Structure formats: structure tokens, C-alpha cells
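*Asks:* Structure, please.
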Amino acid sequence: MEKEILEFYNALKQTREKCPWARKQTLLDHLDELKDEIEEVKKAVKNKDDENLKEELGDVFMDALFLLVIAEEYGF
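*Replies:* The predicted structure follows:
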């Protein structure tokens, strides 16, 4: 799985470079995105919605990894 995560990380870095919306995102902007996705995870858990939970956990993972990409640009 490590290889797949690294490939996904590299894809997010490319997205950051090529996509105007992604380039404009700051750490604080994207933290808001992550917060929204975490709320969706909470709803899925409360509703016992396994399929939606899988999707939302994937979104949380993507947003957290994208925050890492942004943070590295800021020297963290």
C-alpha cells in the first residue's frame, strides 16, 4: 500500500501545480475543506451508512494528504 499512497501523493502534487483552484489553496483554506469532510464522516457514522462512510473517509484521507503537500511548500 505504501507505493499506492506515494503515487497518490505525487498525483496531488501535480494537481497542485496544474490546477488554478488547487494552487490558490492555503493551509487554512484547506483545513476548512477537511473540517467539512470530517462532519460528513460523523453523519455517516451516526446514520450507520457504511458505503458513504467509505467515501467520506477517502475524502478525509485525500484532504489530509493535500494539506501535507501545501505544508511542504510552506517549509513545514
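*Asks:* what about the most centrally placed residue in the chain, which helix or strand?
*Replies:* Nearest to the mean C-alpha position of the chain, by CA atoms, centre = their mean, lies D63 at 1.1 Å. According to DSSP states H and E, D63 maps onto helix 50-73.
*Asks:* what mean pLDDT does that helix have?
*Replies:* For helix 50-73, mean pLDDT is 96.
*Asks:* what about K3, distance to F61?
*Replies:* From K3 across to F61, the span is 16 Å (CB to CB, to the nearest Å). From N, CA and C alone the C-beta is placed, and that goes for glycine too.
*Asks:* what do you get for A44?
*Replies:* Counting by CB to CB - A44 and F61 are separated by 14 Å.
*Asks:* which one of those two has more residues nearby?
*Replies:* Between A44 and F61, A44 has the larger neighbour count (other CB atoms under 10 Å), namely 18 against 13.
*Asks:* wait, that one sits on E56?
*Replies:* Yes: between A44 and E56 there is a contact at 5.3 Å, judged by CB atoms under 8 Å.
*Asks:* hey, what's in contact with both of these two?
*Replies:* Counting by CB atoms under 8 Å, 6 or more residues apart in numbering, A44 and E56 have no common neighbour.
*Asks:* Tell me the buried residues in the helix holding D63?
*Replies:* L53, E56, L57, D59, V60, M62, D63, F66, L67, V69, I70 (16 or more other CB atoms under 10 Å).
*Asks:* got it, and stretch 33-49?
*Replies:* Counting neighbours by 16+ other CB under 10 Å, one finds that the buried residues in stretch 33-49 are E33, L34, E37, I38, E40, V41, A44.
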